[in-house]
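Trainee: All I have is the shape, not the residue letters:
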């Protein structure tokens with residue numbers, strides 16, 4: 001039998017790159033002789049993260065779709081042809097057995113190149129509402145997988161999102177003492193606040209304004225400001241920062257932060273929702289108020305199951321935190337029940353499930 005080679009396609013954001021790399025790791029654990037490489041752009045996060053995880057990255061030209069008619073729209077066909085040519089060249093070079101797409105700029109050229117070459121296609125959709133790239137790829141796919149039901153992709157296997165083993169293997173209770181020591185936290189309720197790698201101004205502003213009230217109630221705050229917002233948050237807090245308010249610009253690997261916390265206040269990206277459910281951490285979700293509303297859809301299943309709360313970005317302020325978040329942090333039985341309901345919806349084996357589907361499509 002010829003050597004199997006899996007080509008993964010996705011990028012532009014961590015929401016695509018992380019599941020892609022976690023799937024690659026699961027395939028590698030299944031059989032170390034399988035070849036694995038990825039298609040990505042030179043501008044996206046994948047340009048740094050894919051080699052960092054130990055995988056080959058083949059560069060494909062970025063083909064953004066303009067939001068308005070104009071000269072850029074006229075350039076799309078030529079750009080797409082060049083991108084498909086680059087993707088096809090890599091598939092030929094490695095004799096690809098299967099192409100696995102996760103959405104984003106790179107996936108469309110990858111799907112077109114695979115279709116023309118006759119290479120099986122597997123699609124994985126992370127969001128509650130499928131994007132254009134994966135809706136296209138699903139038309140030609142051998143296998144379609146999705147994080148949640150109702151994504152709009154027919155015949156989809158609902159498996160969750162492939163997550164890092166540090167998350168899927170996390171025992172929050174066992175890891176809590178070491179995690180709290182790491183962040184300088186003591187006993188008592190801990191609120192974890194974060195808004196993605198760059199941070200979320202609305203979330204930061206509301207927590208800064210409510211900092212004194214949270215401290216007065218004995219709540220410790222692990223506040224991950226985001227790499228772009230640390231100075232802004234420190235300036236807003238001023239010199240009178242409560243001793244219980246712990247500021248960190250960025251955390252590499254959120255498993256320790258999840259272990260330290262009793263409740264999270266955060267955005268509702270697909271990966272965030274999947275990770276919090278997998279570890280059983282209840283959360284107050286503040287969906288990003290732009291796009292097509294997919295973040296609210298991402299959070300809705302766990303919120304409807306009782307594992308979290310949902311608040312509009314425009315509604316979140318210090319008063320809302322005082323009226324809703326503070327009482328919740330003082331109700332340990334309710335937090336425990338919410339965590340159990342969140343965990344019941346979590347998928348801890350999505351990486352293995354997707355690896356199996358990929359290898360089946362490749363003829364293994």
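Mentor: Received the coordinates, thanks. No experiment lies behind these values; they were computed from the predicted model shown.
Trainee: going forward, measure contacts and count neighbours with C-alpha atoms only.
Mentor: Noted.
Trainee: Okay, now the unreliable bits of the stretch 1-150 of the chain?
Mentor: Within the stretch 1-150 of the chain, the stretches with pLDDT under 70 are 1-2, 64-75.
Trainee: now the helices: where do they sit in it?
Mentor: Counting by DSSP state H, counting those that start in this stretch, the segments of the stretch 1-150 of the chain that form helices are 14-30, 46-52, 71-94, 107-117, 132-140.
Trainee: helices or strands next to the last one in the packing?
Mentor: For helix 132-140, the helices and strands in contact under the criterion 3 or more C-alpha pairs under 8 Å, 6 or more residues apart in numbering; DSSP states H and E are helix 107-117, strand 121-125.
Trainee: which other residues reach the shortest one?
Mentor: Among residues not part of strand 121-125, those counted as contacts by C-alpha atoms under 8 Å, 6 or more residues apart in numbering are 98-103, 111, 114-115, 134, 137-138, 140-147, 151, 357-358, 361.
Trainee: That strand pairs with which strands, and in what direction?
Mentor: Strand pairing for strand 121-125, using DSSP bridges, gives strand 98-101 (parallel), strand 143-146 (parallel).
Trainee: Out of those strands, which one sits most buried?
Mentor: Mean neighbour count (mean count of other C-alpha atoms under 10 Å) peaks for strand 98-101 among these, with a mean of 29.
Trainee: which residues sit against it?
Mentor: Strand 98-101 is contacted from outside by 5-10, 107, 110-111, 114, 119-124, 134, 137, 358, 361-362, using C-alpha under 8 Å, 6+ apart.
Trainee: Report the distance from it to the chain centre.
Mentor: Centroid separation for strand 98-101 versus its chain: 19 Å, with C-alpha atoms, centre = their mean, to the nearest Å.
Trainee: what about stretch 283-293, start to end distance?
Mentor: Start-to-end span of stretch 283-293 (C-alpha to C-alpha, to the nearest Å) is 19 Å.
Trainee: how about that stretch: buried residues?
Mentor: 283, 284, 285, 286, 287, 288 (16 or more other C-alpha atoms under 10 Å).
Trainee: Which of the residues you listed fall in strands?
Mentor: Residues of the buried residues of stretch 283-293 located in strands (DSSP state E): 283, 284, 285.
Trainee: Single out the most deeply packed of the helices and strands packed on helix 132-140.
Mentor: Ranked by mean neighbour count, the helices and strands packed on helix 132-140 are led by strand 121-125 with a mean of 29 (mean count of other C-alpha under 10 Å).
Trainee: what's residue 360 sitting at in phi/psi?
Mentor: phi -60, psi -40 (degrees, to the nearest 10).
Trainee: From residue 19, how far out is it?
Mentor: Going from residue 360 to residue 19 by C-alpha to C-alpha gives 19 Å.
Trainee: higher neighbour count, those two?
Mentor: residue 19 (24 against 13; other C-alpha atoms under 10 Å).
Trainee: check contacts around that one.
Mentor: 102, 161, 162, 163, 351.
Trainee: Compare the residues you listed and tell me which is most surrounded.
Mentor: Tallying neighbours with other C-alpha under 10 Å puts residue 161 at the head of the contacts of residue 19, with 34 neighbours.
Trainee: wait, what's in contact with that one?
Mentor: Contacts of residue 161 (C-alpha under 8 Å, 6+ apart): 19, 126, 146, 147, 271, 274, 347, 350, 351.
Trainee: Try it again at 7 Å.
Mentor: By C-alpha atoms under 7 Å, 6 or more residues apart in numbering, residue 161 lies in contact with 19, 126, 147, 274, 350.
Trainee: Determine the number of other residues adjacent to the third one.
Mentor: Yep, that's residue 147 we're talking about. 25.
Trainee: residues contacting it?
Mentor: 125, 126, 127, 158, 159, 160, 161.
Trainee: mind giving me the domain ranges of the chain?
Mentor: 5-163+348-361, 168-345 (automatic domain parsing).
Trainee: Highest mean neighbour count out of those?
Mentor: domain 5-163+348-361 (a mean of 21).
Trainee: Quick one: end-to-end distance for that one.
Mentor: Length of domain 5-163+348-361, first residue to last, C-alpha to C-alpha: 12 Å.
Trainee: Columns distance to residue 314 and secondary structure on top of the contacts of residue 19, output as CSV?
Mentor: As requested, those are exported to CSV (distance: C-alpha to C-alpha, whole Å; DSSP: H, G, I helix; E, B strand; the rest coil):
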residue, distance to residue 314, secondary structure
102, 31, coil
161, 28, coil
162, 31, coil
163, 30, coil
351, 35, helix
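Trainee: Save the residues you listed as JSON lines, and put in distance to residue 76 too.
Mentor: Formatted as JSON lines, those follow (distance: C-alpha to C-alpha, whole Å):
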{"residue": "102", "distance to residue 76": "21"}
{"residue": "161", "distance to residue 76": "31"}
{"residue": "162", "distance to residue 76": "32"}
{"residue": "163", "distance to residue 76": "34"}
{"residue": "351", "distance to residue 76": "34"}
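Trainee: nearest to residue 33, of the residues you listed?
Mentor: residue 351 (18.2 Å; C-alpha to C-alpha).
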